[in-house]
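fold the following for me, if possible:
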Amino acid sequence: MSKKGLSFIGSLVTVAMFGLMLTGCGSTPSASDSKEIKIGGNMEMTGGVANYGKATKNGIELAFKEANAAGGVLGKQLKLIVADNKSEPSEATNAITKLITQDKVSVVLGPVASSNVLATLQVGQDNKVPVVTATGTNTKITVDDNGKVKPYAFRSCFIDPFQGTVMANFASKSLNAKTAVIYIDNSSDYSKGLAEAFEAQFVKNGGTIVGKEAFLQKDQDFKSTLTKIKVMNADTIFIPAYYEEVGKIAKQARELGISIPLIGTDGWDDPKVVEVAGAAALNNTFFSSHYSSQDTDPRIVKFVAAYKKEYGEEPNALAALGYDGALMVIDAIKRANSTEPSKIRDALEQTKDLQVVTGIITLDASHNPIKSGVVIEMKDGKQLFKEKINP
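Numbering: from 1, shown residues only. Next up is the predicted model:
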């Protein structure tokens, strides 16, 4: 064959190979071509508040399942990719890093505990991926110490000052308490923020804080401190903490003969608090929460029935909040008409009049929703709806 013929054949081969390369590249689906929308779940699946993480995850997955059964979002199926943060801030940072850099999620839901949420926000900011906590109530989650709003941080629950104020007003007005002791978890940003809000409002109401005591998460013996608290003769003890420690504190307080009302916040809301404390020890105790499963609102009735059918148990507030957080993310993706994190962020910021199980979400300028809350009374191991409080 002549050199001219060989050159011609070589050119054909080159063109053919180039065409195959283009075809190969075109056959690889891009993120936008995927049939799934990947959402990260940075959850406390093990560790000190694992029950919270599991309940929140259940709520999220129920909302996603319902959305997928109805045709999905933007014609795609929602997929929750869960990373266990082991109820530790350092692990929460590792979890969000994995979800964003390896799993390539469009948005991250969680963590549950405020301390864990705070540990993740810089990673979300650096990677321009929105973080939505359904349960983290500490004010610093969405606004820094200088009052500047964190652009990629959002929440779907009310904030600590609201429920701290709610319980201070409840103590003053419903319990007629004039004096109180504050007993906090000194290892928890959640607990510290609530204590500050409670104290400010209780004093404003004319009350007196006669003592402040502290413990650390995972402590087992509280009797020494409770003995000190007992002689302070306060009208009530405010314990803004999580269910494991609350259960032990309530049990040991009653064993020491402390019969005054014990009051707290949404960290109490888990069935295990009854297992730990015993039903009798929790009589004359009250806590703020985000909803009551006994509410006759049709949306709550429907949610409770669906959750029971799916998981075989009644949903607590964490489950309801997880469901609501998922609804907020779904709504934002639909309005953004995109799975791009930056566009979802913009849509989240514009969330308005979104009906969810625990109320209606409209985000304020600080990325916080204005929502109602409730006070729950514990009686013989059961939760009873006590009062509803509007913001």
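
what are the ranges of the strands in the stretch 1-150 of the chain?
36-43, 77-84, 107-109, 131-133 (DSSP state E, counting those that start in this stretch).

revised request: answer the last question for the stretch 151-300 of the chain.
Under DSSP E, counting those that start in this stretch, the stretch 151-300 of the chain gives strands at 153-155, 179-185, 208-215, 236-239, 262-264, 285-289.

packing partners for the first one?
Right, strand 153-155. Contacts defined by 3 or more CB pairs under 8 Å, 6 or more residues apart in numbering; DSSP states H and E place strand 153-155 against helix 121-127, strand 131-133. The C-beta positions use only the backbone N, C-alpha and C, and glycine is treated the same way.

among those, which is the most enclosed?
Each of the helices and strands packed on strand 153-155 was scored by mean neighbour count; the highest is strand 131-133, a mean of 29, by mean count of other CB atoms under 10 Å.

contacting residues around that one?
42, 96, 107-112, 117, 120-121, 124, 141, 152-157, 325, 328-329, 348 (CB atoms under 8 Å, 6 or more residues apart in numbering).

same check on stretch 194-205?
Contacts of stretch 194-205 (CB under 8 Å, 6+ apart): 137, 160-165, 167-169, 171-173, 180, 182, 184, 209, 212, 238, 240, 265.

break this protein into its domains for me.
Domain assignment for the chain by automatic domain parsing gives 33-158+297-371, 161-289.

now distance to residue 381 and mean pLDDT too, for those domains, in a markdown table please.
Listed next are those as a markdown table, based on distance: least, CB to CB, whole Å; pLDDT from 0 to 100:
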| stretch | distance to residue 381 | mean pLDDT |
| --- | --- | --- |
| domain 33-158+297-371 | 13 | 96 |
| domain 161-289 | 3 | 96 |
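
quick one: closest of these to residue 377.
domain 161-289 (5.3 Å; CB to CB).

turn the domains of the chain into JSON lines, columns for distance to residue 389.
What follows is the domains of the chain, written out as JSON lines (distance: least, CB to CB, whole Å):
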{"stretch": "domain 33-158+297-371", "distance to residue 389": "10"}
{"stretch": "domain 161-289", "distance to residue 389": "5"}
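
what's the burial count for residue 263?
By other CB atoms under 10 Å, the residues close to residue 263 number 26.

how near is it to residue 231?
20 Å (CB to CB, to the nearest Å).

contacts only, for the spatially most central residue of the chain.
Geometric centre of the chain, nearest residue: residue 135, 2.1 Å, by CA atoms, centre = their mean. Counting by CB under 8 Å, 6+ apart, residue 135 touches 52, 56, 112-113, 157, 266, 318, 321-322, 325.

what segments of the protein are helices?
For the chain, the helices defined by DSSP state H cover 3-27, 50-69, 89-101, 114-118, 121-127, 160-169, 189-204, 223-230, 243-255, 272-277, 298-311, 317-336, 341-349.

redo the strands of the stretch 1-150 of the chain as TSV? Include distance to residue 201.
Shown next, in TSV, are the strands of the stretch 1-150 of the chain (distance: least, CB to CB, whole Å):
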stretch	distance to residue 201
strand 36-43	32
strand 77-84	36
strand 107-109	31
strand 131-133	24
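
of those, which is nearest residue 279?
strand 36-43 (29.0 Å).

please spell out which residues along the closest one are buried.
37-43 (16 or more other CB atoms under 10 Å).

can you list contacts of that strand?
Contacts for strand 36-43 (CB under 8 Å, 6+ apart): 53-54, 56-57, 60, 64, 72-74, 76-85, 92, 95-96, 99-100, 103-112, 116, 120, 131, 329, 333, 339.

now that strand against helix 341-349, angle please.
70 degrees (axes from the mean of the first three to the mean of the last three CA atoms, to 10 degrees).

okay, now the sheet partners of strand 36-43, with direction.
Looking at strand 36-43 with DSSP bridges, its partner strands are strand 77-84 (parallel), strand 107-109 (parallel).

could I get the ones you listed as TSV with mean neighbour count and distance to residue 379?
Converted to TSV, the strands paired with strand 36-43 look like this (neighbours: other CB atoms under 10 Å; distance: least, CB to CB, whole Å):
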stretch	mean neighbour count	distance to residue 379
strand 77-84	19	35
strand 107-109	28	33
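
so for residue 252, which of those strands sits nearest?
Here strand 77-84 is closest among the strands paired with strand 36-43 (CB to CB), at 30.7 Å.

circling back: what's the closest of the strands of the stretch 1-150 of the chain to residue 308?
Nearest to residue 308, of the strands of the stretch 1-150 of the chain and by CB to CB, is strand 77-84 at 20.5 Å.

just the CA trace of that closest one, in PDB.
The C-alpha trace of strand 77-84 is given here as PDB (Å, rounded to 0.1, in the frame of the first residue of the first chain):
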ATOM      1  CA  GLN A  77     -35.900   9.500  43.900                       C
ATOM      2  CA  LEU A  78     -34.500  10.900  47.200                       C
ATOM      3  CA  LYS A  79     -31.800   8.800  48.900                       C
ATOM      4  CA  LEU A  80     -30.700   9.400  52.500                       C
ATOM      5  CA  ILE A  81     -27.000   8.500  53.000                       C
ATOM      6  CA  VAL A  82     -26.400   8.200  56.800                       C
ATOM      7  CA  ALA A  83     -23.100   8.700  58.500                       C
ATOM      8  CA  ASP A  84     -22.900   7.900  62.200                       C
END
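
and the contacts of it?
35-46, 53, 57, 60-61, 64, 67-68, 72, 91, 94-96, 98-99, 103, 105, 109, 330.

before we move on, the earlier item: what's the spacing between the residue nearest to the centre of the chain and residue 48?
Taking CB to CB, one finds residue 135 at 15 Å from residue 48.

for residue 391, give me the pLDDT.
Turning to residue 391, the model gives it a pLDDT of 67.

for residue 44, list the residues it contacts.
So residue 44 contacts 50, 52-53, 84-87, 111-113, 116 (CB under 8 Å, 6+ apart).
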